[in-house]
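Visitor: Dropping the sequence and predicted coords here.
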Amino acid sequence: MPEASGRDALLVEGTVRELLPNALVRVELASGARPAVTAHVAGASALLRLRPGDAVIVEIAPYDSGRGRIVGRR
Amino acid sequence: MSVQKAWGELQKMARACRIVVDTLDVLEGAAVPGITTKELDRIAQETIEKGGARPAFLGYRGFPATLCISINEEVVHGIPGPRRLREGDIVGLDLGCVVDGFFGDAARTVAVGRISPEAERLTTTTREALVAGIDMCRPGKRVGDIGHAVQTHAESHGYSVVRDFVGHGIGTSLHEEPQVPNYGPPGRRERLVPGMCLAIEPMVNVGRPEVDVLDDGWTAVTRDRSLSAHFELSVAVMPAGPWILSEPYPYAQEGAEEVANA
């Protein structure tokens, strides 16, 4: 029986609210109930093009729901 | 890192794997047009218990049966039920058992009656990919070499390998470290050492590699609903090379010498 190859992280949609220092971005999640997360950008080049208002896909760590990685645009 | 098994433990592993493969032989004979998958599950459970073992999948993370049956576009983890096998189906049978605290795990895709040349080619290629993977189970190789061998073989025939499920270490539990993907670059991941036991299981699709899990929470199907095949054997890494724990190699001779002589 094969094992599920775990990407444990949860993928959610959100909107860029604010660019922070240290290549961090504050993202407001589309499911508004949850608080905004502070997210790292996966891949530096993508950072240059991110602006507040951009729709992005964020991968949220299973252990710390306040942190995430931006893995793509929506 | 996976546990290195002692000789006595490997003997127990071999016993469990023997029972699994013997049961698969029985099931392959029973997979004829008209039989229900539930009936095959019953045969699987009876045969395993007759062999003095316990089903490993029954109750594993809530799986409701002894046998995983995956027909045609179903990749793995199909649940037995009232569905009847039809002439021309290819049926993945995946089975595990526990004896004396050690697990055996193996799978094969069998033909129901006459199957299309395309289905035939797919199952043959998947079996060859398994052999290619097993051949990498030598001390000094790495887990990535296994995946690379499997992927290269499958893709050279125009097929794709499933990413969402992977092979695994096996021993005193069904799934142990390390994970053994069927893809990826060679020379990466964990180093293979003697006494490691791995379940190597290529899942190969005719179409795209993506899979979806149905609403039952288990059955994985190809997203494009193309045919998929699955073969699996449990192997120990030995100083002299791979030891298929359910020796001898259970399929037609092609490829068998390759492992024996390499």
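Guide: Okay, I see it.
Visitor: which parts of chain A sit against chain B?
Guide: Residues of chain A lying near chain B by C-beta under 8 Å from any C-beta of the partner chain: A:Met1, A:Pro2, A:Glu3, A:Ala4, A:Ser5. The way it works is simple: take the backbone N, C-alpha and C, and place the C-beta from them, glycine included.
Visitor: And those, which is the shakiest by pLDDT?
Guide: Summarising pLDDT for those: the lowest-scoring member is A:Ser5, with 81.
Visitor: Could you tell me how many residues sit around the closest residue to chain A within the stretch 101-250 of chain B?
Guide: Here the residue of the stretch 101-250 of chain B nearest chain A is B:Phe165; by C-beta to the nearest C-beta that distance is 3.7 Å. Per other C-beta atoms under 10 Å in any protein chain shown, the neighbour tally for B:Phe165 reads 23.
Visitor: what sits against it?
Guide: Counting by C-beta atoms under 8 Å, 6 or more residues apart in numbering or on different chains, B:Phe165 touches A:Pro2, A:Glu3, A:Ala4, A:Ser5, B:Val75, B:Val76, B:Met203, B:Val211, B:Ala220.
Visitor: Now, those residues that are in helices?
Guide: Assigned to helices by DSSP state H, none of the contacts of B:Phe165 qualify.
Visitor: Within range of chain A, give me the residues from chain B.
Guide: Applying C-beta under 8 Å from any C-beta, one finds that chain B approaches chain A through B:56-57, B:60, B:63, B:68, B:76-77, B:94, B:96, B:105, B:107, B:163-168, B:174-175, B:179, B:181, B:201, B:203, B:230, B:232.
Visitor: Generate a PyMOL selection restricted to the buried subset of the residues you listed.
Guide: Those of the residues of chain B next to chain A that count as buried under 16 or more other C-beta atoms under 10 Å in any protein chain shown are selected in PyMOL with:
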select buried, chain B and resi 56+57+63+68+76+77+94+96+105+107+163+164+165+166+167+168+174+175+179+181+201+203+230+232
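Visitor: isn't B:Arg15 right next to B:Cys97, touching?
Guide: No - contact status for B:Arg15 versus B:Cys97: not in contact, 9.6 Å apart, counting by C-beta atoms under 8 Å.
Visitor: what residues are shared contacts of those two?
Guide: Shared contacts of B:Arg15 and B:Cys97, defined by C-beta under 8 Å, 6+ apart, are found at B:Gly104.
Visitor: Those two - which one has more neighbours?
Guide: Counted by other C-beta under 10 Å, B:Arg15 and B:Cys97 do not tie: B:Cys97 has more neighbours, with 31 against 20.
Visitor: In chain A, where is pLDDT below threshold?
Guide: Counting by pLDDT under 70, chain A contains low-confidence residues at A:6-9, A:32-36, A:42-48, A:62, A:64.
Visitor: Let me see the ranges of the strands in it.
Guide: Using DSSP state E, the strands assigned to chain A run over residues A:3-4, A:10-20, A:24-29, A:37-41, A:55-60, A:67-73.
Visitor: Summarise which helices and strands the last one is packed against.
Guide: Contact analysis of strand A:67-73 by 3 or more C-beta pairs under 8 Å, 6 or more residues apart in numbering or on different chains; DSSP states H and E lists strand A:24-29, strand A:37-41, strand A:55-60 as its packing neighbours.
Visitor: could these go into JSON lines alongside mean neighbour count?
Guide: Rendered in JSON lines, the data for the helices and strands packed on strand A:67-73 read as follows (neighbours: other C-beta atoms under 10 Å in any protein chain shown):
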{"stretch": "strand A:24-29", "mean neighbour count": "19"}
{"stretch": "strand A:37-41", "mean neighbour count": "19"}
{"stretch": "strand A:55-60", "mean neighbour count": "20"}
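Visitor: Need these in a markdown table (columns: distance to B:Val21).
Guide: Conversion of these to a markdown table gives the following (distance: least, C-beta to C-beta, whole Å):
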| stretch | distance to B:Val21 |
| --- | --- |
| strand A:24-29 | 49 |
| strand A:37-41 | 47 |
| strand A:55-60 | 40 |
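Visitor: For B:Ile115, which of these is the nearest?
Guide: Closest to B:Ile115 of the helices and strands packed on strand A:67-73 is strand A:55-60 (C-beta to C-beta; 40.8 Å).
Visitor: now the closest one and strand A:67-73, what's the angle there?
Guide: Regarding strand A:55-60 and strand A:67-73, their directions subtend 140 degrees when assessed with axes from the mean of the first three to the mean of the last three C-alpha atoms, to 10 degrees.
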